[in-house]
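3D, please:
(one chain, ligands or ions: 1)
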Amino acid sequence: MKLATKYIHAGTEPDPSTGAIMTPIYQTSTYVQSAPGQHKGYEYARSQNPTRKALEDALAIIENGKFGLAFSSGVAATDAVIKLLSPGDEVIAANDMYGGTYRLFTKVFQKFGIKFHYVDMQDVSNIESLLNTNTKLIWTETPTNPLINIVDIAAVAMIAKKANALLCVDNTFASPYLQNPLVLGADIVMHSSTKYLGGHSDVIQGALVMNDADLREKLYFIQKSCGAVPGPMDCFLVLRGIKTLHLRMKQHCENGEKVAHFLRNHPAVLKVFWCGFEDHLGYAIASKQMRGFGGMMSFTLKNDSIENANRVLSSTRLFALAESLGGVESLINHPASMTHASIPKEERIKNGLTDSLIRLSVGIEDAEDLIEDLKMAIG
Ligand SMILES: Cc1ncc(COP(=O)(O)O)c(C=O)c1O
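Reported below is the predicted structural model:
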């Protein structure tokens, strides 16, 4: 099936009781049994819900995987993956990733005896030097948040296989439309469905997709035992979002390219981080593993002061100053004080997240209006 057809039909069947074309919102906590243990596959809604089931089937289909699991947030999905581990296990993670993932690893799981190493995964040999018999998981994100670095998923997957460790890829920035990590050898794909999958800034949700049935059983056990499940209304919203993912992503890519080139030619802009530039360090890998370059980018200003960045951040009219990304509307964000504030300053600066770095989630409005807005704000 071609992508557009797949996104529109993934997971949804006409409702068996009414023929409703869209999966209903099964707003129920439990299901009536005809006799003890005799039910229709649904016992209690933390364990199973038909709206969630339709979404989980759709997630598997759009990521070219076998099994999908939906969680109450992206970090809840990440949390479930780390709960596969035991004290003494080690994780090698990317040093440039979503700040909330870093916070979960360092502030929540480290104290339970799981050891995390952070490396620049643009050079995969950095991973090899940290491997040992305790390495159970490699965690990466590509393109990274917010520096839009690219990690070679197939190369990391080979390293993970050799080391007998799982590879989980946070695919939030690319979305399944641009990249399918399972096809490149990853074991688990993670999404903050809050972003491109939902696509309309109206839901918080997370997802995991995998191929291995045992792994699915372990993660399902964690999902139902720990209870971070999404409500049926939120599942419905993400299911609906998926139906237009291809159309939105095409426009995000088109607008992203225009805005990135505009910024690069602006005399007040120092550097633009966007993986579609041919001189981007990861361009060759991005061209190989992605279907397009997306609408996420960051930039710094020549006058590299926090005051100057603040002036730009508070002057846009269309780009809304807000955390999050991947919605139809454009957002502007200051990683140092917003999304990545939980990373200690030295660690942040060491990894290239300077005080004046500005991140854009380019939406699907008219690109000319977006460029006018930035022109006016940057001055
Ligand atoms: C790349 C990435 N991963 C994970 C998350 C966490 O997702 P959520 O906010 O849905 O918990 C985010 C949120 O911004 C993100 O940008």
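
C-alpha only now, for contacts and for neighbours.
Noted.

Any stretches of the stretch 1-150 of the chain with poor pLDDT?
Scanning the stretch 1-150 of the chain for pLDDT under 70 picks out no residues.

I'd like the mean pLDDT over stretch 299-308, please.
Looking at stretch 299-308 alone, the average pLDDT works out to 90.

Pull it out as CSV, backbone CA atoms only.
Output for stretch 299-308, consisting of C-alpha atoms alone and laid out as CSV, is shown next (Å, rounded to 0.1, in the frame of the first residue of the first chain):
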residue,chain,number,x,y,z
PHE,A,299,19.3,29.0,14.5
THR,A,300,21.6,31.4,16.3
LEU,A,301,22.1,35.1,15.9
LYS,A,302,25.3,37.0,15.1
ASN,A,303,24.6,39.2,18.1
ASP,A,304,24.8,36.2,20.3
SER,A,305,23.2,37.5,23.5
ILE,A,306,20.3,36.2,25.4
GLU,A,307,18.6,39.7,25.2
ASN,A,308,18.8,39.6,21.4
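
Can you tell me what sits against that stretch?
If you take Cα atoms under 8 Å, 6 or more residues apart in numbering as the criterion, stretch 299-308 is touched by 263, 268-273, 309, 355-359.

give me that answer again for 10 Å
Among residues not part of stretch 299-308, those counted as contacts by Cα atoms under 10 Å, 6 or more residues apart in numbering are 146-147, 260, 263-264, 266-274, 309, 311-313, 334, 336, 353-360, 378.

Same check on stretch 362-376?
Outside stretch 362-376, the residues within contact range by Cα under 10 Å, 6+ apart are 199, 247-260, 262-263, 266, 294-297, 312-313, 315-319, 325-332, 377, 379.

So which of the contacts of stretch 299-308 are in strands?
Applying DSSP state E to these, the entries found in strands are 269-273, 358-360.

Only whichever of those are buried, select them in ChimeraX.
To isolate the buried ones among the ones in strands among the contacts of stretch 299-308 in ChimeraX, judged by 16 or more other Cα atoms under 10 Å, type:
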select :269,271,272,273,358,359,360
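
farthest-separated two in the ones in strands among the contacts of stretch 299-308?
By the measure Cα to Cα, Leu270 and Leu360 form the most distant pair in those, at 15.3 Å.

quick one: stretch 295-312 near the ligand?
No - Stretch 295-312 lies apart from the ligand when judged by Cα under 6 Å from any ligand atom; the minimum separation is 10.6 Å.

Against the ligand, how distant is Met121?
Going from Met121 to the ligand by Cα to the nearest ligand atom, to the nearest Å gives 15 Å.

you'd agree that residue is in a strand?
No - looking at Met121 with DSSP: H, G, I helix; E, B strand; the rest coil, it is coil, so not inside a strand.

residues touching whatever residue of the chain ends up closest to the ligand, list them.
Nearest to the ligand, among the residues of the chain, is Gly74, at 3.4 Å (Cα to the nearest ligand atom). Contact partners of Gly74, counting by Cα under 10 Å, 6+ apart, are 100-101, 170, 172, 190-195, 204-208.

again, 6 Å this time
The neighbours of Gly74, taking Cα atoms under 6 Å, 6 or more residues apart in numbering as the test, are 192, 205-206.

and what of Ser193?
Going by Cα under 6 Å, 6+ apart, the list of residues near Ser193 reads 205-206.

for Gln48, same thing?
With Cα under 6 Å, 6+ apart as the criterion, the residues that contact Gln48 are Tyr42.

any idea which element it lies in?
In this structure, Gln48 sits in neither a helix nor a strand according to DSSP states H and E.

Look up phi and psi at it.
With angles defined as degrees, to the nearest 10, Gln48 shows backbone torsions of phi -150, psi 140.

sec struct for His191, please.
Counting by three-state DSSP, the three-state call for His191 is strand.

can you check Glu56 too?
Following three-state DSSP, Glu56 is assigned to helix.

gap between the residue lying closest to it once chain neighbours are set aside and Leu247?
Excluding the flanking residues, the one nearest Glu56 by Cα to Cα, 6 or more residues apart in numbering is Gly68, at 4.4 Å. Computed with Cα to Cα, to the nearest Å, the distance linking Gly68 and Leu247 is 22 Å.

Looking at the two, which one has more neighbours?
When Gly68 is set against Leu247 and neighbours are counted by other Cα atoms under 10 Å, the residue ahead is Gly68, at 28 against 14.

contacting residues for that one?
Applying Cα under 6 Å, 6+ apart as the definition, the contact partners of Gly68 turn out to be 56-57, 59-60, 208-209.

May I ask which helix or strand encompasses it?
Applying DSSP H and E as the criterion places Gly68 in strand 67-71.
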